[in-house]
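# Just the structure for this:
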Amino acid sequence: MTTPLAPPTHDLSGAAPRTGDVLSLVDALAPGQSLTLRLSPEAACAFLSALTAERRALFEWSPEADGNAVRVDVVRRDAAPGSKRGVFEALSWDHDRIDAFEQGAFAARAAGDLEAARALFERFARGLFRHIGFEEDLLFPALESAAGLPPHAGPTAVMRAEHVEIRAAVQLLRDTIGDPSVDPTPLRHRLHAALGPHNEKEERILYPMADRVLLGPGSDELVAAIQAYEAR
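Numbering: from 1, shown residues only. Below is the predicted model:
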């Protein structure tokens, strides 16, 4: 499932909306549709708590600090209320969501809009670093515990090592995406060479493994923790 690059955005950060009114915006989404909300930290906290408690399993979402506000990307799942969520579905969606920002950043740069390129790449970088954070802090330890994997060997150790290269490649592009005097193409190739195979291994091997070994409510509880994760 791929999230559109620019879903409708509702900027409510200057108001104090009722949680019920914010919920009505996402309740109107059809399966597969998405939107972006920009809320004050207090309103975002109340909204996300309500999604967890009152709309369990109906949505995927990802919060992101945005100045003095919180930006939340939300997509409606094609699922019944209370259904169990899997790691593969939730994290593959986040891969697609994040990748769309990188693609948009380079499309904007090619069109000569360096400001948009910088803004979109910043969203890509923040989203990817958050994704890496919850994998290393939540997913990998849960998988190692359930599958008996040593943290310094095996698939999770490979993923951690690849995260180091991916972070470095992202930071180099972050520093140059808005500089018209620099050709970022070689750096972008370096990023894709690291990130593409990495994501493929996660989606083909690691995420399905997590859904197999995290028995009972384990996978669903992990997804809930991932949704609530705040990047360090």
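# What is the longest helix of the protein by residue count?
helix 87-110 (DSSP state H).
# Show the subsequent helix or strand relative to that helix.
helix 114-134 (DSSP states H and E).
# what is the mean pLDDT for the longest helix of the chain?
What helix 87-110 shows for mean pLDDT is 95.
# Can you point out the buried residues in it?
87-95, 97-102, 104-106, 108-109 (16 or more other C-beta atoms under 10 Å). Just so you know, the C-beta spots here come from the backbone N, C-alpha and C atoms, and that holds for glycine as well.
# what packs against that helix?
Packed against helix 87-110 by the contact rule (3 or more C-beta pairs under 8 Å, 6 or more residues apart in numbering; DSSP states H and E) you find strand 59-66, strand 69-76, helix 114-134, helix 185-201, helix 207-213, helix 218-227.
# Adding mean pLDDT as columns, could you present these in CSV?
CSV is the format used below for these (pLDDT from 0 to 100):
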stretch, mean pLDDT
strand 59-66, 90
strand 69-76, 94
helix 114-134, 96
helix 185-201, 97
helix 207-213, 94
helix 218-227, 89
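# Nearest the middle, which residue of the chain would you pick?
D94 (3.8 Å; C-alpha atoms, centre = their mean).
# residues in contact with the spatially closest residue to that residue that is not a sequence neighbour?
Computed as C-beta to C-beta, 6 or more residues apart in numbering, the closest residue to D94 that is not its neighbour in sequence is H131, at 5.6 Å. When contacts are counted by C-beta atoms under 8 Å, 6 or more residues apart in numbering, H131 touches L91, D94, H95, I98.
# so what's the residue located most distally from the centre of the chain scoring on pLDDT?
Seen from the C-alpha centroid of the chain, the residue lying at the greatest distance (C-alpha atoms, centre = their mean) is S181, 30.8 Å away. Here the pLDDT value assigned to S181 is 95.
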